[in-house]
Every structure is written in structure tokens, then in C-alpha cells.
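# Show me how the following folds:
(2 chains)
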There are 2 protein chains.
Amino acid sequence: MKISDTHYRTIWPTAAGSVRVIDQSRLPFEFTTVDLETLEDAARAIRTMVVRGAPLIGAAAAYGLALAARSDASDQRLDQAARVLQATRPTAVNLAWALRRIRAALAAARPGERVEAAFLEAAAICDADVEQCRSIGVHGLEIIRALAGPAGRRLNILTHCNAGWLACVDWGTALAPIYMAHDAGIAVHVWVDETRPRNQGAALTAFELGAHGVAHTVIADNLGGHLMQRGAVDMVIVGSDRTTAAGDVCNKVGTYLKALAARDNRIPFYAALPSSSIDWSLDHGRDIPIEERSAMEVTHVTGRTAAGAIETVRVVPETSPALNLAFDVTPASLVTALITERGVCPASHAGLRSLYPDREATP
Amino acid sequence: MKISDTHYRTIWPTAAGSVRVIDQSRLPFEFTTVDLETLEDAARAIRTMVVRGAPLIGAAAAYGLALAARSDASDQRLDQAARVLQATRPTAVNLAWALRRIRAALAAARPGERVEAAFLEAAAICDADVEQCRSIGVHGLEIIRALAGPAGRRLNILTHCNAGWLACVDWGTALAPIYMAHDAGIAVHVWVDETRPRNQGAALTAFELGAHGVAHTVIADNLGGHLMQRGAVDMVIVGSDRTTAAGDVCNKVGTYLKALAARDNRIPFYAALPSSSIDWSLDHGRDIPIEERSAMEVTHVTGRTAAGAIETVRVVPETSPALNLAFDVTPASLVTALITERGVCPASHAGLRSLYPDREATP
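So this is what the prediction gives:
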């Protein structure tokens, strides 16, 4: 995607052997990049959400393992490095998937070619992600086109958190169909849930939609239900950090509430996801571990002061505790359909099997 | 209620003829009071949410009209003053109700005794509110006691926004049963929705529960659904800014989403309200005007910096618009029961009529 007419991916290798990423913790107020030189740099970038979003976390972990291999490509060191990376974000299934891919590439490579093999595989993961997101966009575009109808009525689409290109390597998952609809001349307007506690909607989704010229309005997470009751929402599209083999969708906390409201108001609710986020070993969303993050993300808010400084303010009394669980599970029964890189399918075992007959659920 | 062992109401007349209120826009970081001297002071205090909460808005409007009468008790001036006050917060029905009571008291008073009559009536409105909230607490306590069972199991109660004593003159509506349960030795823990965009939960509910010693945890508004799925919520109690004759509940935006999640997880959902918040003329919640407030409440957040200053930070890109509708409507079908000062009843015409047979719906 473009920012000020320059095409960017969210992560890419530099000629100097490091890995460059957009520092998303500074957005929307500062657009800067950070160079990752070591495993520790990569792990910190994931943990502190310099990079975030399930597909981008996978890509960053892949490069993190490649960076670890550069300093020591022994199996022992790589085992340890994979554990460090896996521990950064326990809910995202792409992370484990990307690490497995790099490990397999390393195992297949000749000694002396391991580092190069790891970097090539990380680049391949990134290229595949871009292609997957593009395909998700193409399939999702057909849904939007059908909803807009032959008269091309203006559509209001609600999204939660950031499943845009900033969450991926390019295009995004939930936002890819929206960008393609916009580019195809369909009038779309996006209700952007601010997505407390980290405000990824307010900070990132609003930023990237604005940069691309897509009409949008930021709302408190609380408002979506009322807008649906009023008939001001035509569809909901969200991403997925982990999808079970039965179609349960684990996504940013609050997604479930929007799915309930969509059902109550007969509004279609879609989850857009690459198949790398499907956990074929899980049948029930309740078995997905839910990441607990720092209570400070609830008690404090970071933004820009009128004077232009980035400042963090406390909004909760000093003596009040807070709890910060980052995800929730939307049961498949609330999901109209899943939009994947291979097409659109019902959120069910049978639906997913119809698109991925090559995948077998592991018991 | 007490703060640092001193008993407070949220509003009271001073010996000097002004009206003193707690400045809730400075909480939870500064506990200060403000003196209202004129109609304009009162209107500004309501508009800028120095005072907020349906019952307290009614009390403040009543005193505001009394202050207006002190400068000019002519019918023309009072008509105008009532219009100014009514326009401050269009959704709260107590406001119109309180203004009607003061107008009636003024009309019945002899010339020369009008100002005194208005202040006496405002004080009576405050005393009646305290007694109503106490009664709501007594009735709600029985529900909590039954849920805790003979073994007195620990209860997790979720609440949205602030319907505590800060929203009223004393006790609160939704929180009155919780204070009474706590005082009766029942182990209660409250999940406090932070309540974006103005954070009344994080700032006010957390403050007053903490001041009273009630165990509580602040959460993002997004988390309540997941906690209900996990079995970590035993009941929900919210307030109501306006209740229709059919039992639809108009309360702070986001309430509807929690009611949907409560139904989906078979958790009882109660609205606690004084009968002054019932709009007997309305059958359908969709006919309630929903207040639109400044987009800045969404785009900016106010809190305390590490250095101790109160600072406002922007969290949304400069170029992104925001929409800020302050309320939503929870249909009666999602409400387990209404807790009123006369007792507990189904959220329905028949339920409300059983408690208020003296009230007739006006067409």
C-alpha cells in the first residue's frame, strides 16, 4: 500500500542484513521504521507491538528466527530462539506456523547455507502472505459487490481492531476487500471501532484507510450495536487471530459483542483470514489460550498533546486494579461466512473442508 | 456516601444562597467542589458534565431554575430558563420532570415567596431522590442475596457507566444494591466497564467503589462478553436514563451490547431506576432522541500524566472524523427485570403497571 505515494510493505530485509519494520507503536502520529538486528530485537518488536497483527507477527517471527540463525545456526540455539519467539504472543497461531516453516527450511538446508535458506523462507512467507491477502480481497470484493447491488448503493461496513495492511505484509485481511471495493468505484464508508484498550482501530485502521482515501468514521467500541439497530451498518468484516477447524473465530476482544449485535439485527458478519490462521487441531474456540496483557494498557492511554508531544495519561484511579484479556471467541454460529484466500465458505467443519480438502484435522 | 470519612451528597445549597456540587469532570484525580450562582452556571455544569447522571441532572436542573428565579421570577424569564436547561441534555427524562416540578411549585407560590418555594422544591427533589435510591438498594439487595444463596458465594457483578451515588444525590441506582450487599457482608466483586468515550466507569464508578471499599476491577468495554462466556459474571446491573412504558431501557451507549451477551450466556440483566426516569408517554425505545455529543470525546482522552498534570491527548489521526452518540436502547425483551423504588417488576407494560397503577400512559 502507499503512504505519501511511496509503496510500502510492513516488513522487508535491508541490504545490510537487518530487517526493517514500520514502528506501529508510533502511529498514527509518527511514521518511522525500525531495524531489527537480532533475535532479541525481533522478539521485543513483537512483544511491545511495534509489529502486530496475526500475519505480520508470523512474518516477523520468521525473520526473527533467521536473525537468530545468523548468530548461531545450531539446533540448540534455534530451539531456544523459537521458544522465545513463541512466548511473545501466545494466541496467534501464525506465529507457530511461521516458526515451523523456518525450522523445516533450516533442517533441509546444507550446513553453511542455513542462514540464507532461513532468510529466503522468511521472504517466501511474506510474498505468500501478500498473495493470500490479495486473494482474500478478490473473494471479499464479490460479497461487497453483491451487497451494493446493480445500483451500487453506498455501503457502511463496520470493522473491529486493525486487520488491514498494517496487520499483514500488504493489503490486509478484513480491509483487503474494502480497498478493492473502493478502488473498483463502489462507495464504501467504514465504521472504525476504536478498539480499546490499545486503540488499534483509532490509531491504525483510521490511519491506513485515510492514507488510501477510504471514507471512514471512528467510533467508540460501544456504539456499533446502536448503529446496527438504526440500520446504519450493512455488513461487518473482521480478521481472525486463530480460527478453529469448526469455524470459531478468535479475534481482538470485543469482536464477539459485535457478532451478537449483527445477528440480532440480521446484518451479515464475515471473518477474513488466511488459512495460516486456521488451527486444524482445535474444534472448540474455548480451548484457545487467551493472552493476558499488561493492565497498564487499560489504565493508561497514549496519544498526542496539543503541544505535539506523545504523552501517556492515566485514566483509572491509582488504587483500582484492571484486567486486560486481549481476545475473545466468536462462535461459528454467529459468523455468516469465512473469507479465505481460496474463497468464501460457511464457518463450519464442512465449509472449511470444502476449501481445504488437503488439510486433515490432527486429533 | 463517604469520602475520607466525610459524608457527602453530590449537590447541596450553601448558606450564601448558591448551590454547591462535586466537580465530576476532575475525578478521579481531584476531589473539588464548584459553586453555582446563576442559571448559566447550572446549565454549563450540566452541559460540560461537571454534574452528570440522570437523577443528578434532574436535581441540578431544579436548582438551576431556582437560581434563575432568584434573578427574575417572571414567567417569561422562567420559560426561557427552562428551555436553556432542557437543551443541555436532551435524552435524560428526569430533567424535564424536575423542571415541571419546579414550575408547578413556582406557579402555586405567592409572589414574593417564589424563590423560596423553588429552592424548597429543589431540596425536596433531592431528598426524594435519596429515599428512592435507598429503596432501589433495598429491593436490589434481595436479588443479590438470593443469587448469593445460603452459602453466600462470591458474586461477580458487571456494571456499565456510572449509576452510582455520583450519578444521583446519594446511594446511586445500579450501585445502591451493591453497596447494601457489601455492607451486609455479601462478598461482591464488580467488573467496571471503563465506558468509552468519557470513561465514567474508569473514572467515577472505580473511584466511588474504591472509596467505599468494594472490590472491583476495571475492564475495557470490549471484555464483558468474553467474561460472560467464561462464567466470570453472575449478574449485570445498569442504570437507565430513560425507560419506556413498555420497559425498553435507554442507557449509556454500549449497554445494549452487554444485554445481548448476558442473554447469550443466560446471565440475569437488571436495570435499576427511579420512576422519575420512566417516560410514560413512550412505548418504543426507538422513539427516544439519542444525544449526539462532541466528536472530541472520542478523538481525545483526558487523564493524569506521570508528572501529575491533567492532560488531554489525541488518539485518532487529525484527518479522521468521529461520531459520538451517547446512548443506546436495550429492548425490554433483553431485560430480566426492572428494579425501582417500589420494587422489582418485569420490563413490560404489565410489569410497570403492577407497580405504578396510579400512572397512566399519556397518548
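# A:Leu78 touches A:Gly64, doesn't it?
No: look at A:Leu78 against A:Gly64 with CB atoms under 8 Å: they stay out of range, at 11.1 Å. Using the backbone N, CA and C atoms, a C-beta is placed for each residue, glycine as well.
# Which of those two has more residues huddled nearby?
Between A:Leu78 and A:Gly64, counting by other CB atoms under 10 Å in any protein chain shown, A:Gly64 is the more crowded of the two (33 against 22).
# how about the nearest residue to the more buried one, chain neighbours excluded?
A:Ala42 (2.9 Å; CB to CB, 6 or more residues apart in numbering or on different chains).
# Show me which residues of the stretch 51-200 of chain A sit near chain B.
Residues of the stretch 51-200 of chain A lying near chain B by CB under 8 Å from any CB of the partner chain: A:Val192, A:Glu194, A:Thr195, A:Arg196, A:Pro197, A:Asn199.
# Identify the farthest-apart pair in the residues you listed.
A:Val192 and A:Pro197 (15.9 Å; CB to CB).
# Among the residues of the stretch 51-200 of chain A next to chain B, which one has the most neighbours?
Most surrounded of these: other CB under 10 Å gives A:Glu194, at 31 neighbours.
# Can you check the pLDDT for A:Arg359?
For A:Arg359, the pLDDT comes out at 83.
# so what's it up against?
Residues in contact with A:Arg359 (CB atoms under 8 Å, 6 or more residues apart in numbering or on different chains) are A:Ser275, A:Ile278, A:Trp280, A:Leu352, A:Arg353.
# Kindly recompute the last result at 7 Å.
A:Trp280 (CB atoms under 7 Å, 6 or more residues apart in numbering or on different chains).
# So which residues of the stretch 201-350 of chain A form strands?
Using DSSP state E, counting those that start in this stretch, the strands found in the stretch 201-350 of chain A span residues A:215-219, A:235-238, A:242-244, A:249-252, A:269-272, A:278-279, A:300-304, A:310-314, A:327-330, A:337-340, A:343-345.
# May I see those strands organised as a markdown table, with distance to B:Arg101 and mean neighbour count added?
What follows is the strands of the stretch 201-350 of chain A, written out as a markdown table (distance: least, CB to CB, whole Å; neighbours: other CB atoms under 10 Å in any protein chain shown):
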| stretch | distance to B:Arg101 | mean neighbour count |
| --- | --- | --- |
| strand A:215-219 | 36 | 23 |
| strand A:235-238 | 45 | 24 |
| strand A:242-244 | 57 | 28 |
| strand A:249-252 | 47 | 29 |
| strand A:269-272 | 46 | 27 |
| strand A:278-279 | 61 | 23 |
| strand A:300-304 | 40 | 21 |
| strand A:310-314 | 40 | 17 |
| strand A:327-330 | 45 | 27 |
| strand A:337-340 | 55 | 26 |
| strand A:343-345 | 59 | 17 |
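# how about those, which one is nearest A:Glu37?
strand A:310-314 (24.4 Å).
# Tell me how far that closest one lies from the chain's centre.
25 Å (CA atoms, centre = their mean, to the nearest Å).
# can you tell if it touches chain B?
Yes: Strand A:310-314 is in contact with chain B by CB under 7 Å from any CB of the partner chain, via A:Glu311, A:Val313, A:Arg314.
# Does A:Phe31 touch A:Ile3 like I think?
Yes: using CB atoms under 7 Å, A:Phe31 is in contact with A:Ile3, at 6.4 Å.
# Distance of A:His182 relative to A:Gly164?
12 Å (CB to CB, to the nearest Å).
# Looking at those two, which is more packed in?
Taking other CB under 10 Å, A:His182 and A:Gly164 do not tie; A:Gly164 has more neighbours (32 against 21).
# Spatially central residue for chain A, please.
A:Gly53 (3.1 Å; CA atoms, centre = their mean).
# for that residue, phi and psi?
The phi/psi pair for A:Gly53 (degrees, to the nearest 10) reads phi 100, psi 130.
# what does A:Val188 give?
phi -120, psi 140.
# That one touches A:Pro177, doesn't it?
No: A:Val188 is beyond contact range of A:Pro177, at 9.3 Å (criterion: CB under 7 Å).
# Pick out whichever of these two has more residues nearby.
Applying other CB under 10 Å to A:Val188 and A:Pro177 shows that A:Pro177 carries more neighbours, namely 28 against 23.
# Now the more buried one: which helix or strand?
According to DSSP states H and E, A:Pro177 maps onto helix A:176-183.
# May I see the residues of the stretch 51-200 of chain A next to chain B organised as CSV, with secondary structure and pLDDT added?
As requested, these are exported to CSV (DSSP: H, G, I helix; E, B strand; the rest coil; pLDDT from 0 to 100):
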residue, secondary structure, pLDDT
A:Val192, strand, 98
A:Glu194, coil, 98
A:Thr195, coil, 98
A:Arg196, coil, 98
A:Pro197, coil, 97
A:Asn199, coil, 96
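# Just give the closest residue to A:Gly53, not the sequence neighbours.
Excluding the flanking residues, the one nearest A:Gly53 by CB to CB, 6+ apart is A:Ala167, at 2.4 Å.
# dump the residue contacts of the one you found.
A:Ala167 makes contact with A:Arg52, A:Gly53, A:Ala54, A:Pro55, A:Leu56, A:Gly239, according to CB under 7 Å, 6+ apart.
# Could you dump these into JSON lines and include pLDDT?
Converted to JSON lines, those look like this (pLDDT from 0 to 100):
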{"residue": "A:Arg52", "pLDDT": "92"}
{"residue": "A:Gly53", "pLDDT": "89"}
{"residue": "A:Ala54", "pLDDT": "87"}
{"residue": "A:Pro55", "pLDDT": "90"}
{"residue": "A:Leu56", "pLDDT": "95"}
{"residue": "A:Gly239", "pLDDT": "96"}
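# Tell me the one of those residues nearest chain B?
Of all the contacts of A:Ala167, chain B sits closest to A:Gly239, with 14.8 Å by CB to the nearest CB.
# The residue lying closest to the closest one once chain neighbours are set aside: neighbouring residues, count only.
With sequence-adjacent residues excluded and distances taken as CB to CB, 6+ apart, A:Gly239 is closest to A:Ala163, at 2.7 Å. A:Ala163 is flanked by 33 other residues according to other CB under 10 Å.
# With A:Ala15 instead?
5.
# does it count as helix, strand or coil?
Recorded secondary structure, A:Ala15: coil (DSSP: H, G, I helix; E, B strand; the rest coil).
# Check it and give its pLDDT.
So A:Ala15 comes in at 94 (pLDDT).
# Now render the residues of the stretch 51-200 of chain A next to chain B as CSV, adding distance to A:Pro111.
Output for those, formatted as CSV (distance: CB to CB, whole Å):
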residue, distance to A:Pro111
A:Val192, 50
A:Glu194, 50
A:Thr195, 46
A:Arg196, 49
A:Pro197, 46
A:Asn199, 47
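# if we can go back for a sec, identify, from the residues of strand A:310-314 next to chain B, the entry nearest to A:Ala337.
Nearest to A:Ala337 among those, with distances taken as CB to CB, is A:Val313, at 40.9 Å.
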